[in-house]
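Chemist: Structure here, sequence nowhere to be found:
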């Protein structure tokens with residue numbers, strides 16, 4: 001908002017007081033309504049002489065006078081955007097450039113960008129070129145006897161991604177999987193690649209990825225597990241602050257083993273049985289389950305249908321302990337942690353077999369389920385990935401899932417009512433859920449890639465053997 005001239009302000013106040021100030025006039029503000037559009041007391045507002053407001057002469061109404069006049073879709077008595085009635089007395093709508101509460105507007109179909117690598121499985125976002133825009137990293141599974149790689153796609157600030165380079169990993173070139181995480185604090189670690197082969201498990205860390213990998217050559221660190229190797233593929237990674245100069249990686253293997261930093265020798269990892277009884281642990285998440293407490297790990301067991309809690313105490317040793325575990329639902333394939341409603345944190349999982357989002361209290365005493373299908377007519381079956389974020393700008397965390405089963409590939413958007421329920425998006429105008437995407441998602445993230453204040457949906461998948469990043473850009 002631009003301020004009106006001092007003369008116009010004096011004139012408006014004088015008009016309210018019934019005074020006549022010679023020479024002050026009202027023309028300067030009436031001729032440039034934008035200068036005072038949010039102040040109804042000024043001479044171009046509803047109280048201007050002749051506008052029909054207080055002290056006016058009973059003329060035609062104007063936008064902002066709290067009366068819906070001809071040509072106005074609404075009039076809430078102010079000239080403020082994003083309050084249910086826009087400053088120009090129109091109703092909220094897509095493509096008006098205003099981020100309104102309850103708005104769900106996405107460009108469809110999504111824009112797609114190639115990772116240029118086969119087997120893209122995992123996704124991380126990080127501003128690697130320090131331009132204020134999030135760039136995209138993908139972890140790519142090697143093909144045959146090939147070498148795993150981390151693809152870097154730079155963001156031009158408008159949500160358009162360009163492949164910059166692939167960082168070839170050096171450990172175990174016959175690895176069966178490469179998974180990735182990013183150090184969101186920007187301390188030292190940007191990407192982590194995990195490899196498995198008959199030789200064992202290890203983590204390769206790329207330090208100081210300045211210029212998005214242009215200067216990363218040689219800046220590697222490896223952490224290995226003690227012999228004999230476990231020979232089990234990894235499924236997920238997280239980072240933890242153990243009070244050193246950089247964050248340390250935690251690596252979840254598919255058999256429920258968590259490879260944790262060796263407190264005596266941080267160059268090595270050591271195994272910890274984090275999910276007793278499970279031999280299929282596809283995902284982990286980190287979050288503060290107890291108010292004011294330290295962060296904990298949550299692991300889901302697809303074969304057991306349980307959530308496993310791993311309390312973390314970085315003041316240890318011991319740093320890790322086996323916590324509670326409880327039933328959460330059939331075949332959970334992804335997990336996230338966040339406060340959706342109430343005063344406590346919830347555990348959010350995706351059930352692949354039942355096509356449900358499962359929301360559990362942190363102690364497992366309650367588990368609610370919500371379908372990923374919805375009114376759009378696009379199948380929302382087989383959720384593989386889950387992410388949390390305020391998609392509709394109302395202050396509550398919503399849920400997005402990447403779905404892929406029986407040839408149906410989609411993204412589901414589940415809107416949070418703030419009172420204990422999620423429902424597939426079905427706004428009067430905008431994007432209905434689920435939304436069709438090119439191929440089956442393996443990872444999903446929510447972030448504002450183009451700086452418009454609204455979250456975009458970033459989906460990683462494989463099409464024709466090559467990784468594809470699809471971006472559902474918000475269009476406020």
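Modeler: Nice, thanks for sending it over. Keep in mind that this is a model prediction, so the values were computed, not measured. Numbering: from 1, shown residues only.
Chemist: how many neighbours does residue 405 have?
Modeler: 17 (other CB atoms under 10 Å). Placement of C-beta: from N, CA and C, glycine included.
Chemist: Is it bridged to anything, and to what?
Modeler: Counting by DSSP bridges, residue 405 is bridged to residue 408.
Chemist: Does it touch residue 352 like I think?
Modeler: Yes: counting by CB atoms under 8 Å, residue 405 touches residue 352, with 7.1 Å between them.
Chemist: Find residues that contact each of these two.
Modeler: residue 382 (CB atoms under 8 Å, 6 or more residues apart in numbering).
Chemist: residues of stretch 154-164 that come out buried?
Modeler: 154-155, 159, 161, 163-164 (16 or more other CB atoms under 10 Å).
Chemist: From residue 460, how far out is residue 269?
Modeler: Distance of residue 269 to residue 460, given as CB to CB, to the nearest Å: 26 Å.
Chemist: Between these two, which is the more surrounded one?
Modeler: Between residue 269 and residue 460, counting by other CB under 10 Å, residue 460 is the more crowded of the two (27 against 23).
Chemist: what's the following helix or strand after the helix or strand of the chain with the lowest mean pLDDT?
Modeler: Every helix and strand in the chain was compared by mean pLDDT, DSSP states H and E; the lowest is helix 27-30, with a mean of 39. Helices and strands here follow DSSP states H and E; after helix 27-30, the next one along the chain is strand 111-118.
Chemist: any idea how far that next one is from the chain center?
Modeler: 20 Å (CA atoms, centre = their mean, to the nearest Å).
Chemist: Just the mean pLDDT for it, thanks.
Modeler: On average, the pLDDT along strand 111-118 is 90.
Chemist: now swap in stretch 141-156 and tell me
Modeler: The average pLDDT within stretch 141-156 is 75.
Chemist: With stretch 438-451 instead?
Modeler: The average pLDDT within stretch 438-451 is 92.
Chemist: How far does it stretch from one end to the other?
Modeler: Stretch 438-451 has an end-to-end distance of 25 Å (criterion: CA to CA, to the nearest Å).
Chemist: Just the buried positions in it, please.
Modeler: Buried residues in stretch 438-451, defined by neighbour count with 16+ other CB under 10 Å: 438-450.
Chemist: From these, pick the one nearest residue 280.
Modeler: Closest approach to residue 280 among the buried residues of stretch 438-451 (CB to CB): residue 442, at 16.5 Å.
Chemist: who touches that closest one in this structure?
Modeler: Residue 442 sits next to 120-123, 384-385, 402, 460-462 when contact means CB under 8 Å, 6+ apart.
Chemist: ok, now with 10 Å
Modeler: 119-123, 138-139, 141, 384-385, 402, 404, 459-462, 467 (CB atoms under 10 Å, 6 or more residues apart in numbering).
Chemist: That one sits in which helix or strand?
Modeler: Residue 442 belongs to strand 441-447 when assigned by DSSP H and E.
Chemist: which is the next helix or strand following that strand?
Modeler: strand 456-463.
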